[in-house]
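Student: Make a model of this:
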Amino acid sequence: MKIFNIKEASDFLNISESTLYRSIKQNQIPARKVGKQWRLSEEALSKWLMGDNNMKDVIVPLTAKKTEKNEPNSLRFIDLFCGIGGFRQAAEKQGLKCVYSSDSDKFVQETYSHWYGEKPFGDITEFTASEEKLNTIPDFDILFAGFPCQPFSYAGRNEGFEDKTRGTLFFHVAKILSHHKPQALVLENVKGLKSHNKGATIQVIRDTLSELGYTLFDDIINSYHFGVPQYRERWFCVGIRNDLIKTDISEFSLNKGNLNLQPKLLDIIDDSVEINKSNKIADFELERIDFHFKNMNFFEDKRVQHDNSKYAPDTKKGRFGVYSYLKPDKTLRFHIGDRAKTQIQEAYYVHSNTYAPAIIANRRPKLWDLKRYLTVKECLKLQAFPSDLEFPVSDAQAFKQLGNSVCVKVVESVVSDMLQFLRIAQSTESSLLKKTG
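Tutor: Below you'll find the model as predicted:
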């Protein structure tokens, strides 16, 4: 019996190698994986060409085939741009198994390895350079990716996804989806993605995912509405592969949490933390805060004007002055008084009895009432990670990694929705047809 490799089999069938790979992945053409290479028998292919679909006696795969109606705890996922594993935290709570992770940041790799016992692969672009490279990514059922927001270039009206997205990291996500055809996907990005490039960026993403054969559910979700005292609005997108959908799920939507919740930073603050050099707000800032509260009643609109003589006259602060204002939610904002520029925010402080703005890579919340920054442990809670996790990297790297992460509580909800969509899509039982949202 003659055994073909991919090139020989594609020549035998007179189809392209990419079409052959796709057909194998969708279990349409019988094949066996030996190590990391696919092998196909001439006998099996001949029978398949003649319409004999009973391949069990001809060839049996060495690796477990995907069953399209998997129980949640049998589903495998890959974690792209994995960061410190926010998606992994949520997915493993649902019994899903991680088979591949990737992030190019060496400090992130150190934390991920310390927490999960495996080092993520590096630059994802190295794994999409060829069919052979794409095949080194293990078989999986669900793709998770919190990819960076980047503009797309447009060369014409009728390009395929590769032309539209080339040069962006989303392009590599799309190539992996096109090659492996997982059952589902979950993507995350900043809220601004929806308006980025006047909406053109998200439209290319939606068009690409639709072109790749997925039905999409996407929305802006705020961690604040999941009981987390952080106002972190992020775009999430769930995609279900079209051929798996047996029931109309077009009216379903992602759960956006409980809009009546009012979590406070007091819920996550550690009262035992002492003020020290690493967490203390600078004296200059404390002086300005103190000035605000001593003088706010002297200004009718409570908008306090500060002494701009401290700043160089040719700077915006020197020309327009610095003002501060205490909002009803007890957040204290300092801004440059350039009305033509809509009063540019210069500094922002929160109160322990309210919520924090979204923490980002180079910003952690400052509390004017406690006169300090939030600690690493408090920011860990602010992203809903288990509080017993310890960072093996510096505090500066830890804050950066937390700022770039997803909020685990939100991802838990999105992953739960995705699994429900997947289960309901493949069911005709009316008892399962319950909307989320």
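Student: what ranges do the strands span in the stretch 301-437 of the chain?
Tutor: 304-305, 322-326, 332-336, 345-349, 356-357, 366-367, 372-373 (DSSP state E, counting those that start in this stretch).
Student: Let me know which of these is the nearest to Asp314.
Tutor: Proximity to Asp314 (CB to CB) singles out strand 332-336 among those, at 13.8 Å. C-beta: built from backbone N, CA, C; applies to glycine.
Student: Next, count neighbours for Glu251.
Tutor: Neighbour count for Glu251, taken as other CB atoms under 10 Å: 8.
Student: does it sit in a helix, a strand or a coil?
Tutor: Following DSSP: H, G, I helix; E, B strand; the rest coil, Glu251 is assigned to coil.
Student: And it, how close does it get to Ile424?
Tutor: According to CB to CB, to the nearest Å, Glu251 and Ile424 sit 11 Å apart.
Student: which residues in the stretch 301-437 of the chain form helices?
Tutor: Using DSSP state H, counting those that start in this stretch, the helices of the stretch 301-437 of the chain run over 316-320, 376-382, 395-403, 408-425.
Student: Distance to Glu92 for those helices - can I get that in TSV?
Tutor: Formatted as TSV, the helices of the stretch 301-437 of the chain follow (distance: least, CB to CB, whole Å):
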stretch	distance to Glu92
helix 316-320	48
helix 376-382	17
helix 395-403	19
helix 408-425	10
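Student: if I pick the nearest residue to His306 once chain neighbours are set aside, what's in contact with it?
Tutor: Closest residue to His306 apart from its sequence neighbours, by CB to CB, 6 or more residues apart in numbering: Val322 at 4.5 Å. Going by CB atoms under 8 Å, 6 or more residues apart in numbering, Val322 touches 288, 305-306, 308, 311, 334-337, 346.
Student: buried subset of those residues?
Tutor: Buried subset of the contacts of Val322 (neighbour count, 16 or more other CB atoms under 10 Å): 288, 306, 308, 311, 334-337, 346.
Student: Nearest to Phe170, out of the residues you listed: which one, please.
Tutor: Here the nearest of those to Phe170, counting by CB to CB, is Glu346; it sits at 33.8 Å.
Student: Tell me, what's the model's pLDDT at the residue nearest to that closest one when sequence neighbours are not counted?
Tutor: Spatially, and ignoring its direct neighbours in sequence, Glu346 is nearest to Phe334 (4.6 Å; CB to CB, 6+ apart). Listed pLDDT for Phe334 reads 92.
Student: Show me what Phe334 bridges to in the sheet.
Tutor: Assessed by DSSP bridges, Phe334 has beta-bridge partners Ser324, Ala347.
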